[in-house]
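Chemist: sharing a sequence plus its predicted fold:
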Amino acid sequence: MILLATLLVLAVAALGWWLARRRARQVELRAHGHRDRLHSRPVYHGLYVAIWTGVPALLLLLAWIVVQGPVLDALLLSSLPQDVVRGLDENARAVLLNEIKTRAAGNALPGQPAPYVLEAVQRLLRWRAIADMAALALSLAVALAGLAFSWRRLSPSFRARKAVERAFTWLMLLCASLAVLTTVGIVLSLIFETMRFFTMVPLSEFLFGLRWEPQIAFRPDQVASSGAFGMIPVFAGTLLISAIALGFAVPVGLLSAIYLAEFASGRFRAVAKPTLEFLAGIPTVVYGFFAILTVAPAIKRFGEALGIAAAPNSALAAGLVMGIMLIPFISSLSDDALAAVPNALREGSIGLGATRAETIRHVLLPAALPGIMAGVLLAASRAIGETMIVVMAAGIIATLTLNPFEAVTTVTVQIVTLLIGDTEFDNPKTLAAFALGFVLFLVTLALNMLSMHIVRKYREQYD
């Protein structure tokens with residue numbers, strides 16, 4: 001019903017746009033004197049009516065969707081027998097509400113439901129129908145009211161263009177505010193949950209511990225239930241795989257960008273650059289299959305030939321495949337940065353007697369350094385945040401080692417592993433994911449600030 005209400009509101013807004021635009025065109029055609037001419041074009045009259053017709057009604061529907069669920073849950077709990085609800089804690093109430101909603105959706109559950117559950121299911125279905133009809137009626141009423149209000153304001157002298165531009169300005173401000181508030185919300189959620197984690201695990205153990213075994217005891221006599229939450233093995237694995245990936249991707253990507261920008265013919269460039277960028281569109285799970293089926297066995301055979309014990313899943317396999325994935329990020333952005341360097345710098349360097357290699361090394365690369373650093377930073381962020389390739393090619397065991405032939409894990413893999421399942425956020429095992437995420441956020445923030453400093457320094461020098 002909400003979808004139907006949304007479609008009807010959009011239809012009314014489109015009708016208002018067409019009618020207002022048609023009316024403005026008729027006024028424009030009939031205008032003979034200066035006083036009768038339209039201040040704004042007919043399209044702005046239509047947009048003004050469409051905005052006042054659709055936006056308030058759609059905002060009402062959005063607020064209705066947000067509020068309807070909690071309100072119905074509160075009504076359901078208040079309608080249940082008090083002797084049933086009184087002895088339930090928060091988790092048990094959530095389970096009971098979930099059972100009622102599941103049965104109301106028509107899904108079968110094992111066991112015979114209690115009579116009060118069946119009554120609650122009928123009440124929920126009835127209340128949902130009433131709420132949907134009310135949402136439909138109110139949204140249409142608001143849309144028609146907005147249509148009538150905006151229609152009455154239309155006239156040849158009405159400044160519709162300024163009103164529409166003001167509305168789009170507020171829309172852009174709202175989008176910018178949502179982006180900022182989302183960022184603030186993410187950071188605050190990380191901070192609060194991380195503080196809860198450090199009330200259970202000492203900060204010194206997390207920062208300087210050399211073992212990562214996030215286990216918790218579900219009963220007093222459980223074997224191997226003592227947890228170890230040292231982050232150093234996890235971050236060491238992250239840095240090792242990222243270093244291997246960047247060590248492979250940066251030279252290959254940068255050299256390919258230099259060739260495409262300075263040496264390749266137009267025909268070869270037209271084929272090679274889209275082919276390189278095609279690598280960025282391959283799903284990471286495909287890279288993971290390539291790693292475990294091709295690269296990892298080849299590395300294991302290579303290690304055995306050299307007399308080095310190589311694990312079936314290794315940091316080297318994950319890093320090399322991740323490096324292949326990162327090549328288009330570095331190559332494409334570096335190529336664009338080199339192509340944006342003014343030809344006057346090239347011609348001046350060659351005119352002074354420098355070779356092409358010296359021109360590239362001493363003139364083009366420093367001038368294009370901000371763009372190249374942007375590509376490297378993007379690749380580094382992608383490497384640090386990659387999960388699927390590491391899970392499939394490197395494993396999930398946190399090992400403190402710098403040997404690329406051994407299995408390691410990364411921060412993102414551990415976050416996913418810790419949050420799998422229905423575990424509540426009331427134990428250190430689950431909250432450890434937020435602590436890892438917060439430290440990873442600080443690391444990436446420091447990398448961003450460092451790259452911005454480098455970009456600003458060289459941009460001021462070569463602009």
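Modeler: Cool, the structure landed.
Chemist: need phi/psi at residue 410.
Modeler: Main-chain dihedrals, residue 410, degrees, to the nearest 10: phi -130, psi 170.
Chemist: out of everything not next to it in sequence, what's closest to it?
Modeler: Sequence neighbours aside, residue 238 is the residue nearest to residue 410 in space, at 4.2 Å (criterion: Cβ to Cβ, 6 or more residues apart in numbering). Yep, even glycine has a C-beta here, placed from its N, CA and C like the rest.
Chemist: so residue 123 makes contact with residue 76?
Modeler: Yes - the pair residue 123 / residue 76 is scored as a contact, 7.0 Å apart, by Cβ atoms under 8 Å.
Chemist: same for the longest helix seen in the chain, what does it pack against?
Modeler: In the chain, taking DSSP state H as the definition, the longest helix is helix 160-200. Counting contacts by 3 or more Cβ pairs under 8 Å, 6 or more residues apart in numbering; DSSP states H and E, helix 160-200 is packed against helix 42-79, helix 428-462.
Chemist: returning to what we had before: could you report the neighbour count for the residue nearest to residue 410?
Modeler: Using other Cβ atoms under 10 Å, residue 238 has 26 neighbouring residues.
Chemist: go ahead and confirm it touches residue 414.
Modeler: No - the pair residue 238 / residue 414 is not scored as a contact, 9.3 Å apart, by Cβ under 8 Å.
Chemist: sorry, back to before: what about the residue nearest to residue 410, which helix or strand?
Modeler: If you go by DSSP states H and E, residue 238 is part of helix 232-262.
Chemist: what's the next helix or strand after that helix packed up against?
Modeler: Counting by DSSP H and E, the next helix or strand C-terminal to helix 232-262 is helix 266-278. When contacts are defined as 3+ Cβ pairs under 8 Å, 6+ apart, helix 266-278 sits against helix 232-262, helix 315-339.
Chemist: need the ones you listed in JSON lines (columns: mean pLDDT and distance to residue 203).
Modeler: Below are the helices and strands packed on helix 266-278 laid out as JSON lines (pLDDT from 0 to 100; distance: least, Cβ to Cβ, whole Å):
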{"stretch": "helix 232-262", "mean pLDDT": "91", "distance to residue 203": "14"}
{"stretch": "helix 315-339", "mean pLDDT": "89", "distance to residue 203": "28"}
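Chemist: identify the residues contacting the nearest residue to residue 61 once chain neighbours are set aside.
Modeler: Leaving aside its sequence neighbours, residue 61 sits nearest to residue 139 (Cβ to Cβ, 6+ apart; 5.3 Å). Counting by Cβ atoms under 8 Å, 6 or more residues apart in numbering, residue 139 makes contact with 5-6, 8-9, 57-58, 60-61, 64.
Chemist: and for residue 327?
Modeler: Residues in contact with residue 327, defined by Cβ under 8 Å, 6+ apart, are 249, 252-253, 256, 276, 279.
Chemist: lowest mean pLDDT across the helices and strands packed on helix 160-200, which one is that?
Modeler: Sorting those by mean pLDDT places helix 428-462 lowest, at a mean of 80.
Chemist: please compute how far it lies from its chain's middle.
Modeler: 16 Å (Cα atoms, centre = their mean, to the nearest Å).
Chemist: which strands and helices sit next to that helix?
Modeler: Using 3+ Cβ pairs under 8 Å, 6+ apart, the elements in contact with helix 428-462 are helix 160-200, strand 228-229, helix 232-262, helix 365-367, helix 369-385, helix 411-418.
Chemist: next structured bit after the lowest-mean-pLDDT helix or strand in the chain?
Modeler: Confidence across the helices and strands of the chain bottoms out at helix 82-85, with a mean of 72, counting by mean pLDDT, DSSP states H and E. For helix 82-85, the following helix or strand on the C-terminal side (DSSP H and E) is helix 90-104.
Chemist: could I get the buried residue list for that next one?
Modeler: Of the residues in helix 90-104, 96-97, 99-101, 103-104 count as buried by neighbour count, 16 or more other Cβ atoms under 10 Å.
Chemist: other residues contacting it?
Modeler: Applying Cβ under 8 Å, 6+ apart, the external contacts of helix 90-104 come out as 73, 76-77, 80, 85, 88, 109, 113, 117-118, 120-121, 124-125, 128, 424.
Chemist: what's the closest of these to residue 271?
Modeler: residue 424 (54.4 Å; Cβ to Cβ).
Chemist: where do the domain boundaries of the protein fall?
Modeler: The record's domain parsing of the chain by automatic domain parsing lists 2-158, 228-462.
Chemist: go ahead and confirm residue 354 touches residue 362.
Modeler: Yes - using Cβ under 8 Å, residue 354 is in contact with residue 362, at 7.1 Å.
Chemist: need the overlap of contacts for those two.
Modeler: With Cβ under 8 Å, 6+ apart, residue 354 and residue 362 have no common neighbours.
Chemist: have a look at the two and say which one is more surrounded.
Modeler: Between residue 354 and residue 362, counted using other Cβ under 10 Å, the more crowded position is residue 354 (16 against 12).
Chemist: that older thread, next, give me the two most distant ones among the contacts of helix 90-104.
Modeler: Taking Cβ to Cβ, no two of those sit farther apart than 125 and 424, at 29.7 Å.
Chemist: so between the two, which is more surrounded?
Modeler: Counting neighbours by other Cβ under 10 Å for residue 125 and for residue 424 shows that residue 125 has the greater number, 14 against 7.
Chemist: with adjacent residues omitted, what lies nearest to the more buried one?
Modeler: Distances taken as Cβ to Cβ, 6+ apart put residue 104 closest to residue 125, at 5.6 Å, once the chain neighbours are dropped.
Chemist: list the buried residues of the least confident helix or strand of the chain.
Modeler: Neighbour counts over helix 82-85 (16+ other Cβ under 10 Å) mark residue 85 as buried.
Chemist: contacting residues around that helix?
Modeler: Counting by Cβ under 8 Å, 6+ apart, 77, 93, 116 sit against helix 82-85.
Chemist: quick one: which of these is nearest to residue 451?
Modeler: residue 93 (48.7 Å).
Chemist: ok, the closest one to residue 99 distance?
Modeler: Per Cβ to Cβ, to the nearest Å, residue 93 is found 11 Å from residue 99.
Chemist: kindly report the same for residue 379.
Modeler: 48 Å.
Chemist: for residue 403, same thing?
Modeler: In this view, residue 403 and residue 99 are 51 Å apart by Cβ to Cβ.
Chemist: what's the spacing between residue 368 and residue 383?
Modeler: Residue 368 sits 22 Å away from residue 383, taking Cβ to Cβ as the criterion.
Chemist: ok, residue 7 next?
Modeler: Counting by Cβ to Cβ - residue 7 and residue 383 are separated by 44 Å.
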